[in-house]
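Undergrad: Sequence first, then the predicted structure, then my questions.
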Amino acid sequence: MLQWLALLAVILFVVSSFLTRRFMKDEGAYEKGKFILYKSRSDAFPLILAGWAIIYFINEFFHLTYSQFQDAILIAVLSVYIIQFVYLLKYRKQYQ
């Protein structure tokens, strides 16, 4: 089950990464585009610590295997990038 979630997270990451790169190419050179990128990244990336803490406590109580731990870290990191993309869409609509 965790492997399917990891695969889904990778697919969503690739799509969001492509669309973020396209936004950076089209609007990232201007001041408003830079502000939107900065705002979305600064709101999303503190969630890496929250994800790490959740995985740490799950591992303390349920003792994940190494492969489960790897999948959980992959899901946490890629989820932050996906959340950053959602913030990017939100701020793009808000500031345009």
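TA: Structure's in. What do you need?
Undergrad: and the top helix by length along the chain, which residues are buried?
TA: Counting residues, the longest helix in the chain under DSSP state H turns out to be helix 66-94. For helix 66-94, the neighbour count (16 or more other C-beta atoms under 10 Å) marks 68-69, 71-72, 74-76, 78-85, 87-88, 91-92 as buried. (Glycine included, C-beta is placed from N, CA and C.)
Undergrad: Ok, stretch 37-51 next?
TA: For stretch 37-51, by 16+ other C-beta under 10 Å, it's 37, 39, 40, 43, 44, 51.
Undergrad: List the contacts of the nearest residue to the fourth one once chain neighbours are set aside.
TA: Nearest in space to residue 43, with sequence neighbours left out and distances taken as C-beta to C-beta, 6 or more residues apart in numbering, is residue 87 at 5.2 Å. If a contact means C-beta atoms under 8 Å, 6 or more residues apart in numbering, then residue 87 has 39, 40, 43, 44 as its contacts.
Undergrad: CSV please, covering those residues and showing secondary structure and distance to residue 5.
TA: What follows is the contacts of residue 87, written out as CSV (DSSP: H, G, I helix; E, B strand; the rest coil; distance: C-beta to C-beta, whole Å):
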residue, secondary structure, distance to residue 5
39, helix, 28
40, helix, 23
43, helix, 23
44, helix, 19
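Undergrad: from those residues, which two are the most distant?
TA: The largest separation in the contacts of residue 87, counting by C-beta to C-beta, is between 39 and 44 at 9.6 Å.
Undergrad: Would you agree residue 88 is in contact with residue 33?
TA: No. Between residue 88 and residue 33 there is no contact under C-beta atoms under 8 Å: 10.1 Å.
Undergrad: which residues do these two both contact?
TA: Common neighbours of residue 88 and residue 33 (C-beta under 8 Å, 6+ apart) are residue 23.
Undergrad: Point out the other helices and strands that the helix or strand where residue 6 lies packs with.
TA: Assigned by DSSP states H and E, residue 6 belongs to helix 2-27. Contacting helix 2-27 under the criterion 3 or more C-beta pairs under 8 Å, 6 or more residues apart in numbering; DSSP states H and E are the following elements: helix 31-44, helix 66-94.
Undergrad: do you know which of those helices lies nearest residue 55?
TA: From these, taking C-beta to C-beta, the stretch that ends up closest is helix 66-94, at 4.8 Å.
Undergrad: Good, we can wrap up now.
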